[in-house]
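# All I have is the shape, not the residue letters:
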């Protein structure tokens, strides 16, 4: 039985166990020593079986996907899809092919949590760089392999200008890096009556990749953020081996007979990545504003409104799928549009509803671009992110308004598109009739009431009958009247006696 158990041993675990056993033999009775030996052999045997499952002679199914861009919600979504597909395929091993300078902390934390909770072993091949958030993800993996000349570390949290963010972020990153390193376990060694804890990956080293104040003798001085080269990572337990490609990674792990399945980017992935570009988001906002403007300038409901709706969908859909836009942000945007529509079509003038609608539209568009995790930390950093998104939205809306005015002027005055809007000049030569101006000339003239004015009726002036309205009280038929004013196509008259009395 012992021969069978030894065949499955992890050699590194065996050496550690024997070392501990030698140090304890003076302090243990013989019977207890046998029990310790048997327990240790069983434990190491079970660990060896897990390694054997990966390096067995039967074909090993390896699932590979890449992290070769900024770590963002798109990479988190790809990671989820990759792990689901690997599980459905019954993969024996997942390999992450990494080359990244970092990215968003919340996305990286979600990825590292999925790796730590994975029932499938996860290896990472660092093809040059695993910086910042990339280092956090790499440390979470069961094994790390690096290309010659590669690097891992420099995990200080910075803003978009490269400046370190407030300590709330740094504290969270320090604890996350420590916890990730601690998750890989430790060995307890008794040496000269002293108990020594040896971590598989030293948590203090992980913390030094974030905090420049951490000092580790022989590794890093204070005032510097730790970054390991490939050789340094191997020496300090943060890399299991050096490799040039995935094939060498598998050879180093003792896997000879394998089949690789690889995640392939779908058309949806590429479209979402394209639409999340800030420049594209700005252009979509311009289409939304321009579509609404042209819809108001043209009769009925047609293409401009359809363009605005499609642009709004293309703007919000990828943000929603990537977890940036929330339901309440979409609701704010829609309520804003409803208020603007009510102000234009139902409420005379332009007042509170219209202004509030514009503000809600701007707020909805702005907050949809900001990851809500920023509100969990420092307000100043969250405010900076909101200002950045607000600048994109306001600039896009302003440019859209200017372009709409310019294009509208050119479009509606062109002969080919002249019928899209009402003409400005309505000429009598083209068949248009104006309102008769003669009643305006009656102001100051006198006449006779041709009917009773109660207060409306008819008057005769210069032998012509006109509709009129009494300014004060009733006027009987036949009484002398005088036209005092003409407003809204209406003649206003008073009795001559009343007029003379007031004078």
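That came through fine. Bear in mind the structure is a predicted one, so any value in this text is a computation, not a measurement.
# Flag every buried residue along stretch 458-472.
459, 461, 466, 468, 469, 470, 471 (16 or more other Cβ atoms under 10 Å). In this view, the C-beta of every residue, glycine as well, is placed from N, C-alpha and C.
# Quick check: of these, which lies closest to residue 294?
residue 469 (42.5 Å; Cβ to Cβ).
# Check which helix or strand the closest one maps to.
For residue 469, the host element (DSSP states H and E) is strand 464-470.
# so what's residue 130 up against?
Contacts for residue 130 (Cβ atoms under 8 Å, 6 or more residues apart in numbering) come out as 98, 99, 100, 124, 137, 138, 146, 150, 151, 152, 153.
# Return the subset of these lying in strands.
98, 99, 100, 124, 146, 151, 152, 153 (DSSP state E).
# Show me the one in the residues you listed that has more neighbours than the rest.
The most crowded member of the ones in strands among the contacts of residue 130, judged by other Cβ atoms under 10 Å, is residue 146 (30 neighbours).
# got the contact list for that one?
With contact set as Cβ under 8 Å, 6+ apart, residue 146 has these partners: 125, 126, 130, 152, 230, 233, 234, 239, 241, 242, 243.
# ditto for residue 481
Counting by Cβ under 8 Å, 6+ apart, residue 481 has contacts 446, 447, 448, 449, 453, 459, 468, 475, 493, 494, 495, 496.
# is the fifth one in a bridge, and if so with what?
This points to residue 453. Residue 453 has these beta-bridge partners by DSSP bridges: residue 475.
# That one: neighbour count?
24.
# ok, now residue 188?
So residue 188, with other Cβ under 10 Å, has 10 neighbours.
# Looking at strand pairing, list the partners for it.
Here residue 188, judged by DSSP bridges, has bridge partners residue 197.
# can you give me the helices in the stretch 351-500 of the chain?
Assigned by DSSP state H, counting those that start in this stretch, the helices in the stretch 351-500 of the chain fall at 352-368, 379-413, 496-502.
# Mind listing residues that contact the first one?
The set of residues external to helix 352-368 that reach it, using Cβ under 8 Å, 6+ apart, is 285, 315-316, 319-320, 324-326, 329-330, 332-344, 347, 386, 389-390, 393-394, 397.
# Mind putting the ones in strands among the contacts of residue 130 into TSV with distance to residue 173 and pLDDT?
As requested, these are exported to TSV (distance: Cβ to Cβ, whole Å; pLDDT from 0 to 100):
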residue	distance to residue 173	pLDDT
98	18	96
99	21	95
100	16	94
124	19	97
146	22	97
151	18	96
152	15	96
153	12	94
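# will you turn these into TSV that also has distance to residue 70?
TSV is the format used below for the ones in strands among the contacts of residue 130 (distance: Cβ to Cβ, whole Å):
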residue	distance to residue 70
98	12
99	11
100	7
124	17
146	20
151	17
152	17
153	18
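# end to end, how far does stretch 242-251 reach?
11 Å (Cα to Cα, to the nearest Å).
# Now it: average pLDDT?
In this model, stretch 242-251 has an average pLDDT of 95.
# And stretch 355-370, by the same measure?
pLDDT averaged over stretch 355-370 gives 85.
# ok, and for that stretch, which residues are buried?
Buried, per 16+ other Cβ under 10 Å, within stretch 355-370: 357-358, 360-370.
# Likewise for stretch 218-229?
219, 220, 225, 226, 227, 228, 229.
# How about stretch 119-130?
Buried, per 16+ other Cβ under 10 Å, within stretch 119-130: 120, 121, 122, 123, 124, 125, 126, 127, 128, 129, 130.
# Next, the contact list for residue 270, please.
Residue 270 touches nothing, counting by Cβ under 8 Å, 6+ apart.
# Am I right that it falls within a helix?
Yes - counting by DSSP: H, G, I helix; E, B strand; the rest coil, residue 270 is found in a helix.
# residue ranges for the helices of the stretch 201-350 of the chain, please.
Listed in chain order, the helices of the stretch 201-350 of the chain (DSSP H, counting those that start in this stretch) span 203-208, 230-235, 246-252, 267-275, 278-297, 303-321, 327-345.
# Narrow the buried residues of stretch 218-229 to those in strands?
227, 228, 229.
# quick revisit: compile the buried residues of stretch 458-472 into CSV and extend it with columns for distance to residue 71 and pLDDT.
Putting these into CSV (distance: Cβ to Cβ, whole Å; pLDDT from 0 to 100) gives the following:
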residue, distance to residue 71, pLDDT
459, 85, 91
461, 86, 89
466, 81, 89
468, 80, 90
469, 77, 88
470, 81, 88
471, 79, 84
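# Just name the closest of those residues to residue 209, please.
Closest approach between these and residue 209, by Cβ to Cβ: residue 469, at 87.8 Å.
# which residues pair with that closest one across the strands?
residue 456, residue 492.
# I figured it was touching residue 490, is that so?
Yes - counting by Cβ atoms under 8 Å, residue 469 touches residue 490, with 5.8 Å between them.
# Pick the most buried one from the helices of the stretch 351-500 of the chain.
Highest mean neighbour count of those: helix 352-368, a mean of 19 (counted as mean count of other Cβ atoms under 10 Å).
# remind me which residues of the stretch 101-250 of the chain are low pLDDT?
Filtered on pLDDT under 70, the stretch 101-250 of the chain yields the residue ranges 159-161, 191-192.
# The stretch 251-400 of the chain now?
The model of the stretch 251-400 of the chain has pLDDT under 70 over residues 296-302, 322-324, 344-345, 347-350, 371-384.
# How much space separates the closest residue to residue 70 other than its chain neighbours from residue 219?
Take residue 70 and drop its neighbours on the chain: the residue closest to it by Cβ to Cβ, 6 or more residues apart in numbering is residue 103, 4.2 Å away. Using Cβ to Cβ, to the nearest Å, one gets 26 Å for the distance from residue 103 to residue 219.
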